[in-house]
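Participant: pasting a predicted model and its sequence here:
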Amino acid sequence: MAWSTRELADLAGTTVNAVRHYHQRGLLDQPDRRSNGYKQYGVPHLVRLLQIRRLRDIGVPIAEIVRLDSGVGTSPEVLSAIDADLAETIERSERARAEIADMMEHGSVTDVATGFAGVAPRLSASERSLTLIYAQLYEPGVMDDVRQMLDTDPDPATAKFESLPADADEPARERLAEEFSGTIAKALRSYPWIDAPETHLRQSVRSTAVAMAETMRAIYNPAQLDVLERATRLARARMGESAGDEGTEDRPGDA
């Protein structure tokens, strides 16, 4: 029995172009030809083509098959690398399926980070944007904390901050900074990584700092940025005073 190129390709579940490519790379021997010039492939060609197909189907590169010449296997190192790639692909697929399930449950919400679809309805536009950027800059553990922070009804200070107009006067800014400092202090105590994020970054410290600075300027108006800076400074100062008072109380010999 002899097969034409088309028949061989169909039988092996591949294409004529693939067969020609394997000939060009020296992976498949050229067949004999009939008197009319047509190629006639035999069982050895089919077996070799199926061997190549098997290796290609599991991801073995053409260059590796060429390196093996007439061999039909591959090295443990190549197989380990392919296996690692497949494991990563499976992990990505599982994450994608989990995200799809979350979106199907809570609606096709695409303007928040993965895992935030459930809390999206209560988030402001700026908070939604922040979840996306945070997810790109910080490790998953940090995002769990961010989701926990957002998965509560906003306190009055946060609501006032989100709605603060750009032309808010000085007294209004000062009052809100005083009030908002309590919210920030609570977050700093509950999530220490906020003050030391370096060990939780997915990007470099510099690129993270630049991205966050640009993001804050883009989503908050000047009055909000001013209040945020003041409130953060007040929160840290008061936390420092509180820690100092505790140290004084515990100091030996002061009784």
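Facilitator: Thanks, I have the structure now.

Participant: the closest residue to residue 166 other than its chain neighbours: neighbouring residues, count only.
Facilitator: Counting by C-beta to C-beta, 6 or more residues apart in numbering, residue 221 is the residue found nearest to residue 166 once chain neighbours are left out, at 3.8 Å. No exception for glycine: its C-beta is placed from N, CA and C like everyone else's. As a burial measure, residue 221 scores 14 neighbours (other C-beta atoms under 10 Å).

Participant: need the contact list for residue 221.
Facilitator: 164, 165, 166 (C-beta atoms under 8 Å, 6 or more residues apart in numbering).

Participant: ok, those residues vs residue 232, which is closest?
Facilitator: Distance to residue 232, by C-beta to C-beta, is smallest for residue 164 among the contacts of residue 221, at 15.0 Å.

Participant: so how far is residue 155 from the closest one?
Facilitator: 14 Å (C-beta to C-beta, to the nearest Å).

Participant: the two - which one has more neighbours?
Facilitator: Neighbour count, other C-beta under 10 Å: between residue 164 and residue 155, residue 164 has more, with 21 against 14.

Participant: show me the contacts for the residue nearest the centre of the chain.
Facilitator: Centroid-nearest residue in the chain: residue 136, 6.3 Å away (criterion: C-alpha atoms, centre = their mean). Shown in contact with residue 136 (C-beta under 8 Å, 6+ apart): 202, 203, 211.

Participant: tell me the pLDDT of it.
Facilitator: pLDDT, residue 136: 92.

Participant: tell me the SS of it?
Facilitator: Recorded secondary structure, residue 136: helix (DSSP: H, G, I helix; E, B strand; the rest coil).

Participant: quick one: average confidence on the helix or strand containing residue 218?
Facilitator: Using DSSP states H and E, residue 218 sits in helix 205-219. Averaging pLDDT along helix 205-219 gives 92.

Participant: please work out which residues outside that helix touch it.
Facilitator: 125-126, 129-130, 133, 136-137, 197-198, 201, 203, 225, 228.

Participant: try it again at 6 Å.
Facilitator: Applying C-beta atoms under 6 Å, 6 or more residues apart in numbering, the contact partners of helix 205-219 are 126, 129, 133, 137, 198, 201.
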